[in-house]
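*Asks:* have a look at this fold, sequence not included:
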Ligand code: VGL
Ligand code: ZN
């Protein structure tokens, strides 16, 4: 059972959004081709879905500016611009993303006291989202991961997939993903490789 996980392909992470990833929207045609011709048995997606007062937002920390480090519930936390607020256009999937075959959407980041980069659990690992149980129940044996942003939500989702789905072969699809910071992308690929996650391009999946 081969599954594809589409991480946070939302307006907020595309040019014109509140936390734009450079070139983020350019993955959409690549992702649509994977959805259509990648031979997947199951396609799932995650959606960053924050309350307006989420503690990862710099706006909630007087004196802090976006992209500075701060603290959230006693842990170091990147201060983000307000993004992907529940029910807003910023939180909606990119309008050209082919959502018809997405059978399960995992919302995340709803607890204002903790951030959730991974689609599987909060950053403090206290609360699970339910995605791992869903994929296990479906009998998934291979999981390809792509989306936005490579150095945050894609990376942590892929790493958690290895930890939380024992025996599942996890791959990262590079050309169907974009990152916020080039150095962060390099590190993400190295961190994923260290966990046995192979990096591939979509040309190896769709011909
Ligand atoms: C993300 C930062 C904050 C992501 C989400 O989807 O990579 N990054 N929230
Ligand atoms: Zn977020």
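*Replies:* Received it, and whenever you're ready, just let me know what you need. Everything quoted here is computed from the prediction, not taken from an experiment. Numbers count the residues shown, from 1 in each chain. Ligands and ions are numbered 1, 2, ... in the order given.
*Asks:* rest of the way, CA atoms for contacts and neighbours
*Replies:* Will do.
*Asks:* hmm, stretch 159-167 in reach of ligand 1?
*Replies:* No: using CA under 6 Å from any ligand atom, stretch 159-167 never reaches ligand 1; the gap is at least 13.5 Å.
*Asks:* helices of the chain, start to end?
*Replies:* 28-37, 131-137, 155-164, 182-194 (DSSP state H).
*Asks:* just name the most buried of those.
*Replies:* Highest mean neighbour count of those: helix 155-164, a mean of 22 (counted as mean count of other CA atoms under 10 Å).
*Asks:* quick one: that one to helix 182-194, angle?
*Replies:* On the basis of axes from the mean of the first three to the mean of the last three CA atoms, to 10 degrees, helix 155-164 is oriented at 10 degrees to helix 182-194.
*Asks:* distance between helix 155-164 and the chain's centre?
*Replies:* In terms of CA atoms, centre = their mean, to the nearest Å, the centre of helix 155-164 is set 11 Å apart from its chain centre.
*Asks:* what are the contacting residues of that helix?
*Replies:* 117-120, 132, 145, 149, 168-172, 188-189, 192, 195, 197 (CA atoms under 8 Å, 6 or more residues apart in numbering).
*Asks:* in strands only, show me the residues you listed.
*Replies:* 145, 169, 170, 171, 172 (DSSP state E).
*Asks:* count of residues packed around the third one?
*Replies:* Okay, so that is residue 170. As a burial measure, residue 170 scores 23 neighbours (other CA atoms under 10 Å).
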